Each structure stands twice: as C-alpha cells, then as structure tokens.
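Visitor: Here you go, sequence then predicted model.
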Amino acid sequence: MLLHIGLDDTDSPEGGCTTYVAALLAERLLAMGAEFTDYPTLLRLNPNTPWKTRGNASVCLRFNLDESRQGDAKRAVIDLVDSYGEFLCENTNPGAVFHVGEVPREAKEFSDRTVKQIVRLEDAEAIIDGCGMGAVGWKNRRGIIGALAAVGGALEGDHTYELLTYRSPEYWGEARKMDEESVREMDRVLGGVTFNNVDERGRPLIAPHGPDPVLYGVRGESAEAVYTASTIVRPLEPVERWMIYRSNQGTDAHLGPPVSIGDLRPYNPAVVEATVAGTPRTITGGHVIFRVADPSGEVDCAAYEPTGSLREVARGLIPGDRVRVHSGVRELEGGLTLNIEKLEVLGLAEDVELRNPRCPACGGPTESMGAGQGLRCKRCGHRGPMERTLQTRPRAIKVGVHLPDRDAHRHLTKPLERYGREQTYRPSPMFSPWIGWGGGPVPRSPSSSVL
Ligand SMILES: [Zn+2]
C-alpha cells in the first residue's frame, strides 16, 4: 500500500533539522522493505510566518510498504522525533501526518495555502479527520500544519532538487571544512543545471553556518545534476549520509498573483504592482526605503542592508516609476512594510528637471530673483526674458528583474538563471542512487556505500 509520511518542525535555532530526521527515517523504512515512489519532498513553507524555527522546511516520504509493516513505520517516526526533536525550544512543536493512498485534493489545496499564507491548526485537523489521515503532534502541535502541507505538496508544477549531505554527530557544532575550490569547480562544470553554489565573489554558498547536522546542500534542475555535483565537491570531514530531495525551493511558489495595497495582510508573501510615490531614502543601517501607491492605497517598501546590490536599484528609483515588488508583508510601528525579495522595474519615468538658462549677454549662470520675479545673471546682472528649459537626465537603472545578492535569497526565491527553466513533474522511475552513506576524506567502515 502507498503510504505518505509528512514531518515538520523538529529543529530549533540551536540545532536539529527536519530533513535529517527524514533521512534517518528513510533508512529505517528501506530496511522494512519500503519501495519509494518519489524522492523525499522538501517543502518550504511561508517564509514570513512568525512561528518558524529556521528555514521553515517540511518533508514528506512516499513509498509502498506491506500493510503488516505500517505500525512499524509509525513507531519509527515517533521514536526518531522523540530522539532528535529539539524539544527545549519554545518554537519547536513537531508534527507527523500519515496518509494511505493517493493525495487528496483538499490536502493539495491546504499545502498551497500553507506556502502562500498563514493557516490555522484547526483547518489542518479538519482535513486530517475528513480524509481519514493519522496525525501525531508534540507540544502545541503546530507542526501538524507543516506535516500535512508536506503530504499535500505533490510538487506537480515547477520544482527543483537538492542533495543534502549530513555530518557525523561528533562534528556537529564545529566549523564546517570543505575544499572551497572544489565548489567553484563544481559551479563551473554544472552552473547551468545547479544554482546558488557561489556568491557574486565566488565564495561557496552551499554550506550552512549553524549548529544543524547539514554539511552542505547542492540545488539543481535534476537529481542527476545534484548527484554529479556531489561527486565534484570535496568535503574535508566525513559525510555520515546523504539524500536527494525534490523541492519547491527556487520556484517562487510562495508568490501568487498581484494584490492591491489595500488587501495586504501581515505575514503573507505579496506581489504588488504599483507606482513609486516618493524619492527613496537611505536610513540608518544602510536600508533603503521607498513608498509606492496604487489606486487602493500606499505602502513603504524596504530593501534591507543584506540585500546588497538590490539597494542600488532601489536608490535609483524616482517617483512615477512602475514597479512590481515581490515581498513579505511585515507589520511595523506605523503600518505595513513590504520587505523586498525581488524588485521588477516595469517602466521608468522620465527624469526631467527645470534648468535655468545661460545668460544671453555673457554666457554666465543665471539665478531666480524669487517667485514670479524672473531670472538674473549671476555674473553680469543681466535681466530680461529668459526661459527655463526641461532637461532629461539619463536613468541609472534598467527595466527588468532585480534580485538581492545571492546570500540574501530566500529558499523559495527563484534565481534569475531559473527563469525559462520551469518544469512540470511527470512521475518517472527514480534516478538511482538517491540515498547513501559515507564519503568525504575518512570513509567510515564499511567503506562508502550507495543504495
Ligand atoms: Zn550675464
């Protein structure tokens, strides 16, 4: 029988990782005879939710398993969450959802909402009951939301892949070591089919910096691409295990059609098409703020300091420019602010200024004598009929899509190189291998193996 197990919220800022629990679970399920029907799916949820622990990732494993082993599978989930969940963290509230059979439409719709909005635990529980699913929630049970979203996240539209490698537990919390040149080499060889490997200056972006068990992850357009990447990257510490996920990362899945400024809601991602209504200003900390308007209202947009070069684009805007702002809605004192993830310049206004003419008598500069008083030459004092002229200044920014520096991309943000590469999912035999153990400079015994 076809079983889906969704997992969410086992991690905390101090450690842990839901994908690591999923990788341990996959190993146990394979030992029970499970036959996977899809790569484990890694679903990034609404990045603006105030309850997220770190990356707001949930995971689903989908596999055929003999009915007699179903209870063992559920016991394995509970055992692993009990062992690896970061229960001391207030915001860590793990959840697991079990479903047998095809993914119901209600779960798919719920999943889409969970990526794009704030959803309620009651709504998740109603679907779980209505569809006859099983669920286990720890502490305040909020993780059930993400676990159901993972089950419903069939990723039938655009999707990407990520190969995640995990560190041996004795290395957790220590600085990660890898041959940085091998990451740049991988990017040169596979840059067309993998993304966000290095930043604008060539520094590797594939390794996280926190205490979680992930050593590095490579994102790309196919399982083959990310697997090949892992054969080029040279970590300088042992790899305990690795697994390939199918994911909504890098797809803009959280962004829906444009909404009116009057309909903005806190914590939701939002795309707003509007006109720049004020001159951008740079505030303390290097953040750039500008106001936009549409017929329903006005709102501030913020390009924060970490977005790097995106701030240059924001600073180059002038009133009258047409923009499409991809953002997360934040509620600050004084109202809502759009936290910019991506800035599309749709149309540039003409940057014109009234210039005083040169003096017709001596060619010197002229100045106004006051409102309605006409102009006077600053050099020779000449007065007389002189016309101001309109001068058009060249614009420093271009129409098009502008993204933050790569290290400030959200997990869900579609990078520029993925435009035009969007893909639809067609169930097909899984690329093999998709899970494995060992690797790195000190292969453990038994020596590196793949399944
Ligand atoms: Zn003059």
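Guide: Sure thing, it's come through. Numbering: from 1, shown residues only.

Visitor: Output the contacting helices and strands for the longest strand along the chain.
Guide: The longest strand of the chain (DSSP state E) is strand 335-347. Helices and strands touching strand 335-347, by 3 or more C-beta pairs under 8 Å, 6 or more residues apart in numbering; DSSP states H and E, are strand 269-276, strand 297-303, helix 310-315, strand 322-332, strand 400-402. For every residue, glycine as well, the C-beta is placed using N, CA and C.

Visitor: Kindly recompute the last result at 10 Å.
Guide: Using 3 or more C-beta pairs under 10 Å, 6 or more residues apart in numbering; DSSP states H and E as the contact criterion, the secondary-structure elements in contact with strand 335-347 are strand 269-276, strand 287-294, strand 297-303, helix 310-315, strand 322-332, strand 400-402.

Visitor: Mean pLDDT and mean neighbour count added to the ones you listed, as JSON lines?
Guide: Formatted as JSON lines, these follow (pLDDT from 0 to 100; neighbours: other C-beta atoms under 10 Å):
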{"stretch": "strand 269-276", "mean pLDDT": "98", "mean neighbour count": "22"}
{"stretch": "strand 287-294", "mean pLDDT": "97", "mean neighbour count": "19"}
{"stretch": "strand 297-303", "mean pLDDT": "97", "mean neighbour count": "21"}
{"stretch": "helix 310-315", "mean pLDDT": "97", "mean neighbour count": "20"}
{"stretch": "strand 322-332", "mean pLDDT": "95", "mean neighbour count": "19"}
{"stretch": "strand 400-402", "mean pLDDT": "97", "mean neighbour count": "15"}
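
Visitor: how about the residue of the stretch 151-300 of the chain at minimum distance from the ion, what does it touch?
Guide: Closest approach of the stretch 151-300 of the chain to the ion (C-beta to the ion) occurs at residue 279, with a separation of 32.9 Å. The neighbours of residue 279, taking C-beta atoms under 10 Å, 6 or more residues apart in numbering as the test, are 290, 291, 315, 317, 318, 319.

Visitor: and the spatially closest residue to residue 171 that is not a sequence neighbour, how many residues sit next to it?
Guide: In this structure, residue 171 finds its nearest non-sequential neighbour in residue 237, 5.5 Å apart by C-beta to C-beta, 6 or more residues apart in numbering. Residue crowding around residue 237 was assessed by other C-beta atoms under 10 Å; the count is 18.

Visitor: near the ion, which residues of the chain show up?
Guide: Contacts of the chain with the ion, taken as C-beta under 5 Å from the ion, map to 359, 361, 362, 364, 377, 379, 380, 382.

Visitor: Take the residues you listed and keep only those in strands.
Guide: For these, membership in strands holds for residue 377, with DSSP E as the criterion.

Visitor: List buried members of the residues of the chain next to the ion by neighbour count.
Guide: With neighbours counted using 16 or more other C-beta atoms under 10 Å, those contain these buried positions: 359, 377, 382.

Visitor: Report the beta-bridge partners for the second one.
Guide: Spelled out, it's residue 377. Following DSSP bridges, residue 377 is listed with bridge partners residue 366.

Visitor: My read is that the residue nearest to residue 171 contacts residue 169, right?
Guide: No - with contacts defined as C-beta atoms under 10 Å, residue 237 does not count as touching residue 169, sitting 11.9 Å away.

Visitor: Now list whatever residues contact both of the two.
Guide: If you check residue 237 and residue 169 against C-beta under 10 Å, 6+ apart, no residue is contacted by both.

Visitor: which helices and strands does whichever strand or helix holds residue 215 pack with?
Guide: Take DSSP states H and E as the rule and residue 215 turns out to sit in strand 214-220. Under the contact definition 3+ C-beta pairs under 10 Å, 6+ apart, strand 214-220 sits against helix 18-31, strand 160-167, helix 180-190, strand 194-195, helix 223-232, strand 239-247.

Visitor: which residues sit in contact with residue 121?
Guide: Residue 121 makes contacts with 93, 95, 137, 140, 141, 142, 143, 144, 145, 148, as judged by C-beta under 10 Å, 6+ apart.

Visitor: Which among those residues count as buried?
Guide: Among the contacts of residue 121, those buried by neighbour count (16+ other C-beta under 10 Å) are 93, 95, 137, 141, 142, 143, 144, 145, 148.

Visitor: Just those residues: which are in strands?
Guide: Within the buried ones among the contacts of residue 121, residues falling in strands by DSSP E are 95, 137.

Visitor: Please tabulate the buried ones among the contacts of residue 121 in TSV and include pLDDT and distance to residue 334 as additional columns.
Guide: As requested, those are arranged in TSV below (pLDDT from 0 to 100; distance: C-beta to C-beta, whole Å):
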residue	pLDDT	distance to residue 334
93	86	32
95	92	36
137	91	37
141	88	35
142	89	29
143	90	34
144	94	35
145	94	30
148	97	36
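
Visitor: In the stretch 1-150 of the chain, which residue sits nearest the ion?
Guide: Counting by C-beta to the ion, the stretch 1-150 of the chain gets nearest to the ion through residue 48 (59.9 Å).

Visitor: Contacts only, for the closest residue to that residue other than its chain neighbours.
Guide: Once its chain neighbours are removed from consideration, residue 48 has its nearest residue in residue 328; the separation is 3.9 Å (C-beta to C-beta, 6+ apart). Applying C-beta under 10 Å, 6+ apart, we find residue 328 in contact with 46-49, 254-255, 266-270, 337-341, 410.

Visitor: Disregarding residues adjacent in the polypeptide, which is nearest to the residue of the stretch 201-350 of the chain found nearest the ion?
Guide: When scored by C-beta to the ion, the stretch 201-350 of the chain has residue 350 as its residue closest to the ion, at 30.1 Å. Residue nearest to residue 350 in three dimensions, not counting chain neighbours: residue 392, with 5.8 Å by C-beta to C-beta, 6+ apart.

Visitor: what's the pLDDT at the one you found?
Guide: Looking at residue 392, its pLDDT stands at 92.

Visitor: same question, residue 430
Guide: According to the model's per-residue confidence, residue 430 sits at a pLDDT of 85.

Visitor: what's the distance between the residue nearest to residue 179 when sequence neighbours are not counted and residue 165?
Guide: Taking C-beta to C-beta, 6+ apart as the measure, residue 179 lies nearest to residue 234, with 4.0 Å between them; neighbours along the chain are not counted. In this structure, residue 234 and residue 165 are separated by 12 Å, where distance is defined by C-beta to C-beta, to the nearest Å.

Visitor: Which one of these two is surrounded by more residues?
Guide: For residue 234 against residue 165, the residue with the higher neighbour count under other C-beta under 10 Å is residue 165, and the figures read 26 against 16.

Visitor: Would you agree the more buried one is in contact with residue 206?
Guide: Yes - contact between residue 165 and residue 206 holds when scored by C-beta under 10 Å: they sit 9.4 Å apart.
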